[in-house]
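Participant: Let me see the structure of the following:
(one chain, ligands or ions: 1)
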Amino acid sequence: MLWRLRAAQGAAARLARGIRGRQLQTYRRFGSDRQPIWQERWFQYTAGAAGTAGAVYVAVHTRESPTGRWQFISVTPEDEEREGQQAYRMIMQQYRSRILPRGSPADTLVRRVAQRLLEVAQTRGNWEVHVIDSPERNAFVLPGGKIFVFSGLLPVAMTEDGLATVLAHEIAHQQARHTGEKLSQARLLHLAYLFVALFVDSGAAQIGRSMTSLLLELPNSRRCEEEADQIGLQLMATACYDPAQAVALWERMRAAEGVSPPEFLNTHPSTESRIVNIRKWVPDAELKREAADCPSPGLLHDFARFGSGQDHYVR
Ligand SMILES: [Zn+2]
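Facilitator: Coordinates of the predicted model:
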């Protein structure tokens, strides 16, 4: 701001000359005459109007997630699908040579489990499942229904129930529209930054922008991850997989991870808190499985172990 700059120049001049001249008094008077912007009437009206409009907009676009959590979603499923398609093309390009061919044992296994989950998921999307030949113990889903599983995850998944835990978690992200939620929050934050940049201070807006990931990613991602675990558990139970095996999977993951990074720095819940939560949700999921009238306990298959693996979280 100009007046701050002039006051600073005045202070520098005072130090340099060691005098208290009339000119400096002028600067000080000029500085003290101006109110901070938030005390100005026009700003209060503008901020009030923008805040009210924002609150109404958020209220109109708030819905209940499958677990009863309030989530703000202002983008359409088509917007999400477009984002997903773009990311899908990039990922297919990036991993082109490492995507396991259709009909290979790992691809067949992963697609079979995904298919069984999708039959009960009742979720929209043009689902595609790909296995990437890579030691990472990871999997992720793109909006619109594209699941990628790194082959390094399979030895840790170990059983079809273990694999179903991971795939159900990924499908749950899509069911609960977590990408739509993040896109919507990012758009809202950018509008807020635009307001700050226009009316307050472009520097402050820049600081806000650089903190977007901290504001959005950390707490929100963790909440979405927990929700995907909870919905995923219900989903795998409805598809007649054994929900108790989800605990076993995450215990194997914890053993494979060694020492996990501190939870507050991670966008995902620590494996330890995941296990605690899942244990808590298993009885509910077991009821779901009983209600599904499943023919027999899920078949257990040991997978061939391949890939050395690094520490990665299931996204
Ligand atoms: Zn996830």
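
Participant: Export stretch 147-163 to CSV, keeping only CA atoms.
Facilitator: What follows is stretch 147-163, C-alpha atoms only, in CSV (Å, rounded to 0.1, in the frame of the first residue of the first chain):
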residue,chain,number,x,y,z
ILE,A,147,-9.0,-47.7,-11.3
PHE,A,148,-5.3,-48.3,-11.5
VAL,A,149,-3.6,-50.9,-9.3
PHE,A,150,0.2,-51.1,-9.0
SER,A,151,1.3,-54.8,-9.1
GLY,A,152,3.4,-54.2,-6.0
LEU,A,153,0.2,-54.1,-4.0
LEU,A,154,-0.8,-57.6,-4.9
PRO,A,155,1.6,-59.5,-2.6
VAL,A,156,0.3,-57.3,0.3
ALA,A,157,-3.3,-57.8,-0.7
MET,A,158,-2.5,-61.5,-0.7
THR,A,159,-6.1,-62.7,-0.9
GLU,A,160,-9.2,-61.8,-2.9
ASP,A,161,-10.7,-60.3,0.3
GLY,A,162,-7.5,-58.2,0.7
LEU,A,163,-7.7,-57.0,-2.9
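
Participant: what ranges of the stretch 101-250 of the chain fall below the confidence cut-off?
Facilitator: Residue ranges of the stretch 101-250 of the chain with pLDDT under 70: 199-202, 204-220.

Participant: just checking, what packs against the helix or strand containing residue 274?
Facilitator: For residue 274, the element it lies in under DSSP states H and E is helix 271-291. Counting contacts by 3 or more C-beta pairs under 8 Å, 6 or more residues apart in numbering; DSSP states H and E, helix 271-291 packs against helix 218-238, helix 244-257. Heads up, the C-betas are built off the backbone N, CA and C, glycines and all.

Participant: ranking these by burial, who's on top?
Facilitator: Mean neighbour count (mean count of other C-beta atoms under 10 Å) peaks for helix 218-238 among those, with a mean of 22.

Participant: Next, the angle helix 244-257 makes with that helix.
Facilitator: 130 degrees (axes from the mean of the first three to the mean of the last three C-alpha atoms, to 10 degrees).

Participant: for helix 218-238, packing partners?
Facilitator: helix 105-121, helix 160-175, helix 178-199, helix 244-257, helix 271-291.

Participant: how big is the angle separating the fourth one from helix 160-175?
Facilitator: Our comparison of helix 244-257 with helix 160-175, counting by the same axes, to 10 degrees, yields an angle of 90 degrees.

Participant: Identify all contacting residues around stretch 243-260.
Facilitator: Residues from elsewhere that reach stretch 243-260, judged by C-beta atoms under 8 Å, 6 or more residues apart in numbering: 137, 156-159, 161-162, 164-166, 229, 232-233, 236-237, 266, 270-272, 274-275, 278-279, 281-282, 285-286, 288-289, 298, 309, 311, 314.

Participant: Now list the buried members of the residues you listed.
Facilitator: With neighbours counted by 16 or more other C-beta atoms under 10 Å, the contacts of stretch 243-260 contain buried members at 137, 156-159, 161-162, 164-166, 229, 232-233, 236-237, 270-271, 274-275, 278, 281-282, 285, 288-289, 298, 309, 314.

Participant: residues near residue 39, how many?
Facilitator: 9 (other C-beta atoms under 10 Å).

Participant: what residues does the stretch 151-300 of the chain put near the ion?
Facilitator: Taking C-beta under 5 Å from the ion as the contact definition, the stretch 151-300 of the chain meets the ion at 225, 228.

Participant: can you pull the contacts of the spatially closest residue to residue 121 that is not a sequence neighbour?
Facilitator: Excluding its sequence neighbours, the residue lying closest to residue 121 (C-beta to C-beta, 6 or more residues apart in numbering) is residue 171, at 5.3 Å. Taking C-beta under 8 Å, 6+ apart, we find residue 171 in contact with 114, 117, 118, 121, 123, 141, 147, 232, 235.
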